[in-house]
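Colleague: Just the structure for this:
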Amino acid sequence: AWPRFTMNTTPITFANETAYLHYRVLFTAVRAPASANSMQIAEVELIGKPEFVWFSDGFEGYEAGSDLHGQAGWKGWQNTATAGAPASNVRAFSGTNSVEVVGSADLVHEFDVAGGVVEFSIMQYIPSGTTGTTFVILMNQYDDPGATLDWSTQTEFHLDTGVINFWHGGTGTIVYDQWVEVKCVINLDANTIEHYYNGALAFTDQWDDSGHVTLQAVDLFGNSASSVWYDDIMVK
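Modeller: Numbering: from 1, shown residues only. As a prediction, this is how the structure comes out:
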């Protein structure tokens, strides 16, 4: 039995990833069922708590054709300008811009995430008729001098064959000529990562074999392959 005449002393929380116009709250028992058959509820509040977003970028703030190296934390691998990638208005999932990961790109953005459950997502567009192998890489350790570099996962997209290889096992099939979500749900405390592609769970793996409970960088690696476009990256 909760104390009477108190406000917000016993909050009830629930995870909700979808916003709705209406909610229904059910009270399934009275306050003191051993001695009462009814009770009065004076006030109920549904208070939305915004989710914490570590990083997001829809690539709208860049001039089309400009290199992302040196803009808003984006840079080429180990701060190498020639490994950048251009903003593009050729394709976009939302708005008018995306980033075109050209063959020479090795585009990095750093994060500072430690512990907890974190979700990485990015929209990807692969045209048909493309060639080579391109990568989406997540790193648990990263710095520009290269003293602490540790890969947790790298997803290989084999553009010629349409095969997706997830690190340490697991395969998928590329969906061409449309925007597809590439998502990872990482439990840093439990040391697990779930790979999702196009809305479906594709593979579950260990996050790190060295015990790091961190996410420090994403690397969009062109690897001399054909161009691939990315939009709406988010780490939350």
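Colleague: so who does the residue nearest the centre of the chain touch?
Modeller: Nearest to the mean C-alpha position of the chain, by CA atoms, centre = their mean, lies residue 120 at 1.5 Å. Contact analysis of residue 120 by CB atoms under 8 Å, 6 or more residues apart in numbering lists 138, 183-184, 186, 215, 218, 234-235. Glycine gets a C-beta too; all of them are placed from N, C-alpha and C.
Colleague: that's a helix at it, yeah?
Modeller: No - counting by DSSP: H, G, I helix; E, B strand; the rest coil, residue 120 falls outside a helix, being strand.
Colleague: Beta-bridge partners for it, please?
Modeller: Beta-bridge partners of residue 120, counted by DSSP bridges, are residue 184, residue 235.
Colleague: Relative to residue 133, how far out is it?
Modeller: Residue 120 is 20 Å from residue 133, where distance means CB to CB, to the nearest Å.
Colleague: Ok, residue 215 next?
Modeller: Distance, residue 215 to residue 133, using CB to CB: 23 Å.
Colleague: what secondary structure does the residue in the chain sticking out farthest from the centre sit in?
Modeller: Residue farthest from the centre of the chain, counting by CA atoms, centre = their mean, is residue 35 at 50.5 Å. Of the three states, residue 35 takes coil under three-state DSSP.
Colleague: wait, isn't residue 118 in contact with residue 216?
Modeller: No - Residue 118 sits out of contact with residue 216 when judged by CB atoms under 8 Å, with a separation of 11.5 Å.
Colleague: Residue 94 - how many residues pack around it?
Modeller: 13 (other CB atoms under 10 Å).
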